[in-house]
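Enquirer: My questions are about this predicted structure, shown below with the sequence.
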Amino acid sequence: MVNQSPILSKVTGVILWSRNLERSVDMYNKLLRLSQEQQERFGHLHIFHLPSGLDIMIDSNGMENVPVPEKASPLFFMPANEIDEAASFVQELGFEIIYGGIHRNEAVSFFNMRDPDFNVITVCQNHR
């Protein structure tokens, strides 16, 4: 018999830290293009309810004195239908493409982007 974990085997949300909640909400609002009904605000916390059931929570609680890191690994990835179009789009929104730009191979093309708080997200196009 396998010991059961008190932690459920699922991810229901991700948390992005923000030093400027209004700026972050504006950027992610433009990125995600969700209706107001798919969002909630609780003071220092803004939640985007994605159609997939996953929540992206932007939290500014106590972040004003936390330094922005110089590097970070991706927190999650989001799919794209056209990687070059996606790269142009995120840059227009104020995200920075980092770690060598767009990487391409036979199976996938991807890039890593960061917001001003150095939350890193991978955007990936599957070629298969």
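Expert: Everything's here; your move.
Enquirer: any idea whether residue 85 is helix, strand or coil?
Expert: Recorded secondary structure, residue 85: helix (DSSP: H, G, I helix; E, B strand; the rest coil).
Enquirer: Which parts of this structure are strands?
Expert: 13-17, 39-42, 45-49, 55-59, 76-79, 96-104, 108-114, 120-126 (DSSP state E).
Enquirer: Show residues contacting the first one.
Expert: With Cβ atoms under 8 Å, 6 or more residues apart in numbering as the test, strand 13-17 has contacts from 24, 28, 47, 54-60, 63, 66, 75-76, 115, 117, 119. No exception for glycine: its C-beta is placed from N, CA and C like everyone else's.
Enquirer: Ok, the fifth one next?
Expert: The contact list for strand 76-79, computed with Cβ under 8 Å, 6+ apart, reads 14, 110, 121-126.
Enquirer: again, only this time at 7 Å
Expert: With contact meaning Cβ atoms under 7 Å, 6 or more residues apart in numbering, strand 76-79 is reached by 14, 121-124, 126.
Enquirer: Mind listing what's buried along the biggest helix by length in the chain?
Expert: Scanning the chain for the helix with the most residues, using DSSP state H, yields helix 21-32. Across helix 21-32, burial judged by 16 or more other Cβ atoms under 10 Å covers 21, 24-25, 27-28, 31.
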